[in-house]
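Asker: sharing a sequence plus its predicted fold:
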Amino acid sequence: MPLSAEGAENVVIATTGGTYEKVLREEWFEPFTKATGIEVIAVSATDAEKRAKASAMVQTGNVTWDLFLEGEIQAGSQRHFDITEDLTEFCKRYSQNIDLVSDTCARGGARLQSTATLLAYKPSEAGDNPKNWADMWDTERFPGGRAFPNFDDPWRVLAAALLADGVNKEDLFPLDVERALRKLENIRPSVELWWKTGDQSVQGFRNGEYSLGQIWLTRAKALQTEGFQIGWSYDGAFLVGDRIALIKGAKNHDNALKLVAFWLDHPEAQAKVCERLSCTPPSRSAIGMMSKEAQEGLPSAEEMDSKVITPDAEWINANMGLLVQRWNSWIR
């Protein structure tokens with residue numbers, strides 16, 4: 001049964017734009033509008049810009065967005081809770097839904113998808129390709145420019161540097177920030193781009209600016225779908241994801257919750273998004289709706305256990321101020 005659009009006619013959501021937003025629009029926003037009559041207005045911004053703008057909106061009382069996509073780790077922080085509505089009551093309707101993973105709906109937002117930040121590379125014609133972060137630092141064996149993210153959660157760059165420096169993944173947290181920065185000095189001359197958006201992260205692959213980069217799996221998959229030759233490794237990949245957060249004081253509050261509910265209630269929409277972006281949806285049945293090829297493109301159970309790293313969100317959030325301060329001082 002279609003959801004009712006009575007009382008309001010739109011909802012505004014902030015995303016990181018580009019291919020990611022295009023897929024969400026075609027497989028989630030447009031079907032939602034067709035079912036409800038509620039128009040979804042998408043605005044694009046970097047992750048740092050989204051956080052800053054949402055915070056400013058709440059502080060001034062001039063809230064023009066309703067929802068924004070936030071990283072899994074940040075969505076569990078007090079800073080996030082201060083500017084978003086507590087969805088605990090909304091989430092009660094999903095507490096007995098065994099098709100959804102246990103933490104799909106939480107105080108800080110509803111899970112959109114899970115993916116990985118990982119090492120991506122332009123495949124070598126000789127077949128000798130990088131496999132881990134130590135290879136990323138080996139500029140003699142794997143020549144070419146590098147790319148790393150530069151935004152307000154630098155933990156993933158620091159963690160990659162520590163893994164490249166020989167730290168075992170079991171001993172990664174708490175991060176040794178100074179050791180990581182010393183290791184980053186070794187590769188800094190080869191970094192052609194410190195990217196701030198997902199689209200930026202893949203543009204350099206398109207134009208040959210660099211051949212190895214730390215990027216999101218969703219962006220690497222989108223680039224591959226375009227027909228570009230790109231490979232990636234799950235060895236030392238960091239498990240991350242996005243949540244859909246509701247901003248305090250949202251003008252289209254009810255419509256915003258309808259858009260969130262539509263996502264959680266429609267595994268077929270989740271399947272179509274993750275089919276195209278190579279992500280893991282929150283619905284177990286959605287995974288089964290994805291093609292065999294798409295399912296095989298996700299990390300295997302063995303890779304999840306032995307290679308993929310789940311970051312220590314509690315430590316990262318507790319130390320985020322220090323991490324950002326030290327990072328900004330170094331990157332300048």
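Answerer: Perfect, I can see it now. Numbering: from 1, shown residues only.

Asker: make it CA atoms for all contacts and neighbour counts henceforth
Answerer: Fine.

Asker: centroid residue for the chain?
Answerer: The centre of the chain sits closest to Gly241, judged by C-alpha atoms, centre = their mean, with a distance of 4.4 Å.

Asker: that residue pairs with what?
Answerer: Ser114 (DSSP bridges).

Asker: distance of it relative to Ser285?
Answerer: 19 Å (C-alpha to C-alpha, to the nearest Å).

Asker: then Gln200?
Answerer: Going from Gln200 to Ser285 by C-alpha to C-alpha gives 33 Å.

Asker: then Leu112?
Answerer: Distance of Leu112 to Ser285, given as C-alpha to C-alpha: 15 Å.

Asker: which of these two has more residues huddled nearby?
Answerer: Leu112 (27 against 16; other C-alpha atoms under 10 Å).

Asker: now that one. Its backbone dihedrals?
Answerer: phi -90, psi -50 (degrees, to the nearest 10).

Asker: neighbouring contacts of stretch 129-144?
Answerer: Under the contact criterion C-alpha atoms under 8 Å, 6 or more residues apart in numbering, stretch 129-144 has outside partners 119, 121, 123, 160-161, 163-166, 186-187, 190, 210-212, 232-233, 235-236.

Asker: 6 Å instead?
Answerer: Ala164, Tyr210, Ser211, Ser233, Asp235 (C-alpha atoms under 6 Å, 6 or more residues apart in numbering).

Asker: which residue packs closest to the first one, ignoring adjacent ones?
Answerer: Of all residues not flanking Ala164 in the chain, Ala134 sits nearest, at 4.0 Å (C-alpha to C-alpha, 6 or more residues apart in numbering).

Asker: filter the contacts of stretch 129-144 to the buried ones?
Answerer: For the contacts of stretch 129-144, a neighbour count by 16 or more other C-alpha atoms under 10 Å gives the buried set as Ala164, Tyr210, Ser211, Ser233, Asp235.

Asker: can you count the residues close to the residue lying closest to the second one once chain neighbours are set aside?
Answerer: For Tyr210, ignoring the flanking residues on the chain, the nearest one in space by C-alpha to C-alpha, 6+ apart is Gly145 at 3.9 Å. The burial count assigned to Gly145 is 20, neighbours taken as other C-alpha under 10 Å.

Asker: quick check, Gly145 in contact with Ser190.
Answerer: Yes: assessed by C-alpha atoms under 6 Å, Gly145 is found in contact with Ser190 at 5.3 Å.

Asker: run a quick neighbour tally on the closest residue to Ala75 other than its chain neighbours.
Answerer: Excluding its sequence neighbours, the residue lying closest to Ala75 (C-alpha to C-alpha, 6+ apart) is Gly108, at 5.3 Å. Counted by other C-alpha under 10 Å, the residues lying close to Gly108 total 26.

Asker: likewise for the one 10 residues further on?
Answerer: Neighbour count for Leu118, taken as other C-alpha under 10 Å: 25.

Asker: how about it, phi and psi?
Answerer: Per-residue torsions, Leu118: phi -150, psi 180 (degrees, to the nearest 10).

Asker: got the contact list for the closest residue to it other than its chain neighbours?
Answerer: Nearest non-adjacent residue to Leu118, counting by C-alpha to C-alpha, 6+ apart: Ala237, 4.5 Å away. By C-alpha under 6 Å, 6+ apart, the residues touching Ala237 are Thr117, Leu118, Val308, Ile309.

Asker: can you tell me how far Tyr20 sits from Gln229?
Answerer: Here the criterion is C-alpha to C-alpha. By it, Tyr20 lies 19 Å from Gln229.

Asker: do the same with Asp176
Answerer: As for Asp176, its distance to Gln229 is 35 Å (criterion: C-alpha to C-alpha).

Asker: ok, Leu162 next?
Answerer: For Leu162, the distance to Gln229 - C-alpha to C-alpha - is 28 Å.
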